[in-house]
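Q: Coordinates only, no sequence provided:
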């Protein structure tokens, strides 16, 4: 016999069906946005000026491995592809096989901006400079357009400006080639003496990484403004934009959102502006670099015009689709719906189908996120644990929901309490990372949306807290405050931060206690979950 009056039971069923249907509808709208071709103005021309090239784009390749050496055949394959669209490539080092680039580029009719890596180790820097001078002297005539001595050295604080000045003069005197140094615009304005030792100013313009990031539709205007500012500070010196681009995946910064559509929109707009203003430029970068995820998260490995397998990431003209492979999401969605509708009465079958479909879609979204974010086995283990936790939690929540709708009581209350506490604890732990070390971290929304929604629905229907005690309430308060802090850090502009705050709020709702709870739960809370995880301290 149900513990609910008939009218209460009907309202409860209707509320659950409506909430699950709305959540699934939201997921389907998101899926449709991934598949919908977005009309973008302009196009990317067949010939472009220059692009940053690092050959470490296949699994296991990384310049952080000191034993890594890229063979000639690999570089030839890459440059044969890039030569179809680019007149020049920019490198960042002459180590690990990159000293082969000038000769190979010349074979394909390309020039090179030869990079010399300058870091905190003075002896390693001296070896780089000597090697670069040797490469420049033996390279085919005309293959090296200029030598870039140092990349964002001042921004990282690896060496003082006086050391860079000496290095620039050494390289120029030894090779007779044009030399430059590359850094963000602020460092050029702070160290104007560097301009005396370079043939042109190489400045990086990355609106996504700006201190105050701007959305993609305002990014070109920001680049134009800052380029004019640098040119005004150094009259008579050519200003070369040494890096510019937009990431295709990763963490949003305020309303600067990485996506394939936004990357295509930015590149089309920037190239059109550069052509109209006769601005010399280098795009970042040729290929996605998975190894950079270890340093800069998902976004670090997502700046390529081609993906890590050398496939174009978007159309150069006409509409652009965010993810043409998103149709695969229908398979786990349908499978989840079938599994969820496997048992129970008519209402429970409908609820199960909706919840199962939503969980299947969330699982696919989590796999899509992991594919863009993971760079080694440990990362895949982390994402795998999130996925396993999602599936196990969804099954337990669906079982508890079915029991509650049938007879007004929660099955296995101890397990449900442990699940609620674990989800709240993990969310709070991630809150701490996102607030205090969140520059390169993503919000794992797909792993938590089904769990938070399920916990909130059970709390609403049960009429009593799922978690008790000051420890649980303190954790809930911390989650709410940290989630709010994350929204404020993003200047209230980041939709992902708002979604994460909503997840925190739904999880915290499981601890909420009202005066009416006792009456709603039967007067004495005899059905309230209890366990060591939520017992009063």
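A: That came through, no problem. Values in this document were obtained by computation on a predicted structure and should not be read as measured data.

Q: Let me see the ranges of the strands in the chain.
A: 48-52, 86-90, 111-116, 144-151, 179-184, 201-204, 239-244, 281-283 (DSSP state E).

Q: how far does the first one sit from the chain's center?
A: Using CA atoms, centre = their mean, to the nearest Å, we find the averaged C-alpha position of strand 48-52 to lie 24 Å away from the chain's own average C-alpha position.

Q: Also compute the angle for it relative to strand 111-116, please.
A: Put simply, strand 48-52 runs at 20 degrees to strand 111-116, going by axes from the mean of the first three to the mean of the last three CA atoms, to 10 degrees.

Q: Please enumerate residues in contact with strand 48-52?
A: 82, 85-92, 113, 243, 271, 274, 280-286, 305 (CB atoms under 8 Å, 6 or more residues apart in numbering). Heads up, the C-betas are built off the backbone N, CA and C, glycines and all.

Q: Then the longest one?
A: Contact partners of strand 144-151, identified using CB under 8 Å, 6+ apart, comprise 88, 90, 92, 102, 111-118, 129, 132, 136, 159, 164, 167-168, 171-172, 175, 177-183, 199-200, 202, 242.

Q: quick one: low-confidence ranges for the stretch 251-400 of the chain?
A: Applying pLDDT under 70 to the stretch 251-400 of the chain flags no residue at all.

Q: Could you measure from the residue positioned nearest the centre of the chain over to residue 181?
A: Note on the chain: the residue nearest the mean C-alpha position is residue 250, at 1.0 Å, using CA atoms, centre = their mean. Separation of residue 250 from residue 181 (CB to CB, to the nearest Å): 28 Å.

Q: for residue 368, same thing?
A: From residue 368 to residue 181 the distance is 39 Å (CB to CB).

Q: Which positions in stretch 160-178 come out as buried?
A: Within stretch 160-178, the residues scored as buried using 16 or more other CB atoms under 10 Å are 161, 164, 165, 167, 168, 170, 171, 172, 174, 175, 177, 178.

Q: chain center to that stretch: distance?
A: Counting by CA atoms, centre = their mean, stretch 160-178 comes out at 37 Å from the chain centroid.

Q: And stretch 106-120, by the same measure?
A: That offset, for stretch 106-120, works out to 28 Å (CA atoms, centre = their mean).

Q: now do stretch 125-135
A: Worked out by CA atoms, centre = their mean, stretch 125-135 lies 35 Å from the chain centre.

Q: With stretch 122-133 instead?
A: For stretch 122-133, the distance to the chain centre is 34 Å (CA atoms, centre = their mean).

Q: And stretch 71-81, by the same measure?
A: With CA atoms, centre = their mean, you get 28 Å for stretch 71-81.

Q: Then stretch 459-467?
A: With CA atoms, centre = their mean, you get 35 Å for stretch 459-467.

Q: What of stretch 149-169?
A: Distance of stretch 149-169 from the chain centroid (CA atoms, centre = their mean) equals 30 Å.

Q: same question for it, mean pLDDT?
A: The pLDDT scores in stretch 149-169 average 98.

Q: returning to what we had before: my guess is the residue nearest to the centre of the chain contacts residue 292. True?
A: No. If you go by CB atoms under 8 Å, residue 250 and residue 292 don't touch, sitting 10.5 Å apart.

Q: any shared contact partners between those two?
A: Shared contacts of residue 250 and residue 292 (CB under 8 Å, 6+ apart): residue 300.

Q: And the nearest residue to the residue nearest to the centre of the chain once chain neighbours are set aside, how close does it get to residue 324?
A: Spatially, and ignoring its direct neighbours in sequence, residue 250 is nearest to residue 299 (2.7 Å; CB to CB, 6 or more residues apart in numbering). As judged by CB to CB, residue 299 and residue 324 stand 21 Å apart.

Q: need the contact list for residue 253.
A: With contact set as CB under 8 Å, 6+ apart, residue 253 has these partners: 208, 209, 213, 490, 494.

Q: what about 7 Å?
A: The neighbours of residue 253, taking CB atoms under 7 Å, 6 or more residues apart in numbering as the test, are 208, 213.

Q: Among the buried residues of stretch 160-178, which one sits closest to residue 383?
A: For the buried residues of stretch 160-178, the closest approach to residue 383 (CB to CB) belongs to residue 164, at 40.6 Å.
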